[in-house]
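[1] sequence and predicted structure are below.
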Amino acid sequence: MRERILGIVRKEFRQALREPRMRVVLIVPPLLQTILFGYAVNLDVERVKLGWMDLDGGPASRELYHAFEASHEFEVVARADSERGAQGMLDRGEAQAVVRVAPGFSADVAAHRQGQVQLLLDGSNSNTAAIVMSHATGVVAGFNRRLLERQQRERLVDRTREGPVLVRIPGVEAERRVWFNPELRSRNYFVPGVIVNVLTLVTLMLTALSIVREKEMGTMEQLMVTPVRPLELMLGKTIPFALAGMFDLLLLTGAALAVFRIPLEGSFLLLLGAGALFILSTLGVGLFLSTISHTQQQAMMASFFFFQPAFTLSGFAFPIRNMPEPVQWLTYLNPLRYFMEIVRGVFLKGSGVGELWPQLAALAGMGLVIVLLSAQRFHKRLE
């Protein structure tokens, strides 16, 4: 039995590596997709293009302008003199936000009244708009704090003024400390997810296309008249692509560490072990798709029909907790969900088996069930 399985494995490797296009497919597309996604999928908002509309022109409005200009998050790129001009900047995409300082702003500040400042945002990208709003709120809060401190110092010097004199402004200062991703780089979050998605696509399609190719070429019947049994044929056809998947996992992990400097806080061996369990699931799905496809085009389309919903429900870009409850229950049937949590936990949090054993158990159980069901259907089709 072992000799027959090894014979099919050697045949698959020779067939795959003999063809130059297949050698390229195993290395170039996964690596290229990881690099492109790693650079393209970036939700960090840096140097926001800011428009400025000052209808006051007083000292307080100029001070607020310098506060925005001095911040690292904003870059004042244009000025507007009217409402139409501010709207035009947002419509043409010249600015992502416009600060509108109302008339009488400096007079209100000097009289210790509340000044009016309006922030106009381009909300076509809700995530970017929320981040810009948070940055702008922080700049205005700093301006208010400095203004209040200056007013209290003036009262302390001029004791003839009415009102209380405060030597120190009371308040609560919150200290922020971010765990696992201190710099809040979105690339650290997305690149491990890209590894999961690329690995899924490669192993899924290679397995489905390989078996269907045997049907198209008419060599499946030749294999069946040999002493090779259906189980041995299935193992011989899938083992090479399991090894190819592990090779791609090593390749993509190396790219994440070398190109994007993603921290690997956890165990590399745990990552490899979880990858082997995950590949078991994708090979089982690819084997199942090969039994319902008659041509390579059908196998490719079936692979994409499986991959797109699985990718969307994996938690790669959209948090699962934000999905409707019925959809959240559906994600428990998705092996990508568990491997996504494992990879991000190992890379960013340094999680071990003690924290990830539920995901590992779910991945192992799901992979075993998928492979057994697919093997049974594969066996019946061959018979």
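    Okay, I see it.
[2] from here on, just use CA atoms for contacts and neighbour counts.
    Will do.
[3] near Asn322, how many other residues are there?
    10 (other C-alpha atoms under 10 Å).
[4] quick one: pLDDT of it?
    pLDDT, Asn322: 84.
[5] so how far is Gly315 from it?
    Note on Asn322: its distance to Gly315, by C-alpha to C-alpha, to the nearest Å, is 10 Å.
[6] cool, Gly352 as well?
    Gly352 is 20 Å from Gly315, by C-alpha to C-alpha.
[7] now swap in Val369 and tell me
    Counting by C-alpha to C-alpha - Val369 and Gly315 are separated by 23 Å.
[8] Pro309 now?
    Pro309 sits 11 Å away from Gly315, going by C-alpha to C-alpha.
[9] those two - which one has more neighbours?
    Neighbours per residue, other C-alpha under 10 Å: of Pro309 and Gly315, the larger number sits with Gly315, 20 against 12.
[10] neighbours of the residue nearest to that one when sequence neighbours are not counted, how many?
    Computed as C-alpha to C-alpha, 6 or more residues apart in numbering, the closest residue to Gly315 that is not its neighbour in sequence is Arg337, at 6.4 Å. Close neighbours of Arg337, defined as other C-alpha under 10 Å, add up to 22.
[11] for whichever strand or helix holds Arg337, which positions count as buried?
    With elements taken from DSSP states H and E, the one containing Arg337 is helix 335-344. Residues of helix 335-344 classed as buried under the neighbour-count rule (16 or more other C-alpha atoms under 10 Å) are 335-344.
[12] what's the answer for stretch 325-338, then?
    331, 334-338.
[13] let me know the closest of the residues you listed to Gly245.
    Taking C-alpha to C-alpha as the measure, Gly245 sits nearest to Leu336 out of the buried residues of stretch 325-338, at 14.7 Å.
[14] so for the protein, the centremost residue is which one?
    Centroid-nearest residue in the chain: Phe190, 2.9 Å away (criterion: C-alpha atoms, centre = their mean).
[15] now do that residue, the pLDDT please.
    For Phe190, pLDDT reads 88.
[16] which strands and helices lie in contact with the helix or strand hosting it?
    Using DSSP H and E, Phe190 maps to helix 186-217. Counting by 3 or more C-alpha pairs under 8 Å, 6 or more residues apart in numbering; DSSP states H and E, the packing neighbours recorded for helix 186-217 are helix 20-40, helix 230-258, helix 268-291, helix 296-312, helix 335-344.
[17] helix 296-312 and the last one, what's the angle between them?
    Angle between the axes of helix 335-344 and helix 296-312 is 60 degrees (criterion: axes from the mean of the first three to the mean of the last three C-alpha atoms, to 10 degrees).
[18] and if you look at the second one?
    Comparing the axes of helix 230-258 and helix 296-312 via the same axes, to 10 degrees yields an angle of 50 degrees.
[19] if you count neighbours, what's buried in helix 230-258?
    For helix 230-258, by 16+ other C-alpha under 10 Å, it's 230, 232-234, 236-242, 244-246, 248-250, 252-253, 255-256.
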